[in-house]
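Novice: got a predicted structure plus its sequence, pasted below:
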Amino acid sequence: MPAGYWHHMEYLDGGFAMSLRALQGSMGGKAKGLWNLFEMRTIDTVMKKTLPKPWYNYKNIKFLRRQIRH
């Protein structure tokens, strides 16, 4: 999975997933990685607990719009 991409997986049966992180080479990439790891992760966790359906729908629409652009 490229850095900076949202992802979602649903298993149809038993499964295993592992996430590995690596630092980006540029300072901008490192700063964005820290933002995603500490700030965006916190925002995502809070939104999933407070507004789970609207937050999921927002992320899904954002994903689909990005796919149309690329």
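Specialist: That came through, no problem.
Novice: mind giving me the packing neighbours of the longest helix seen in the chain?
Specialist: Looking across the chain with DSSP state H, the single longest helix is helix 52-69. Applying 3 or more CB pairs under 8 Å, 6 or more residues apart in numbering; DSSP states H and E, one finds that helix 52-69 contacts helix 41-50. Yep, even glycine has a C-beta here, placed from its N, CA and C like the rest.
Novice: tell me who's in contact with residue 27.
Specialist: Taking CB atoms under 8 Å, 6 or more residues apart in numbering, we find residue 27 in contact with no residue.
Novice: repeat for residue 31
Specialist: Taking CB under 8 Å, 6+ apart as the definition, residue 31 has no contacts.
Novice: where does the protein have low pLDDT?
Specialist: 1-4 (pLDDT under 70).
Novice: CA atoms of the longest helix of the chain as PDB?
Specialist: Extracted C-alpha coordinates of helix 52-69, given in PDB (Å, rounded to 0.1, in the frame of the first residue of the first chain):
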ATOM      1  CA  PRO A  52     -19.300   5.900  12.600                       C
ATOM      2  CA  LYS A  53     -21.700   5.800   9.600                       C
ATOM      3  CA  PRO A  54     -21.300   9.400   8.300                       C
ATOM      4  CA  TRP A  55     -17.500   9.100   8.800                       C
ATOM      5  CA  TYR A  56     -17.300   5.900   6.800                       C
ATOM      6  CA  ASN A  57     -19.500   7.400   4.100                       C
ATOM      7  CA  TYR A  58     -17.300  10.500   3.900                       C
ATOM      8  CA  LYS A  59     -14.100   8.500   3.500                       C
ATOM      9  CA  ASN A  60     -15.800   6.200   0.900                       C
ATOM     10  CA  ILE A  61     -16.900   9.200  -1.200                       C
ATOM     11  CA  LYS A  62     -13.500  10.800  -0.900                       C
ATOM     12  CA  PHE A  63     -11.900   7.600  -2.100                       C
ATOM     13  CA  LEU A  64     -14.300   7.300  -5.000                       C
ATOM     14  CA  ARG A  65     -13.600  10.900  -6.100                       C
ATOM     15  CA  ARG A  66      -9.800  10.300  -6.000                       C
ATOM     16  CA  GLN A  67     -10.300   7.200  -8.200                       C
ATOM     17  CA  ILE A  68     -12.200   9.200 -10.800                       C
ATOM     18  CA  ARG A  69      -9.400  11.900 -10.900                       C
END
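Novice: all set, thanks.
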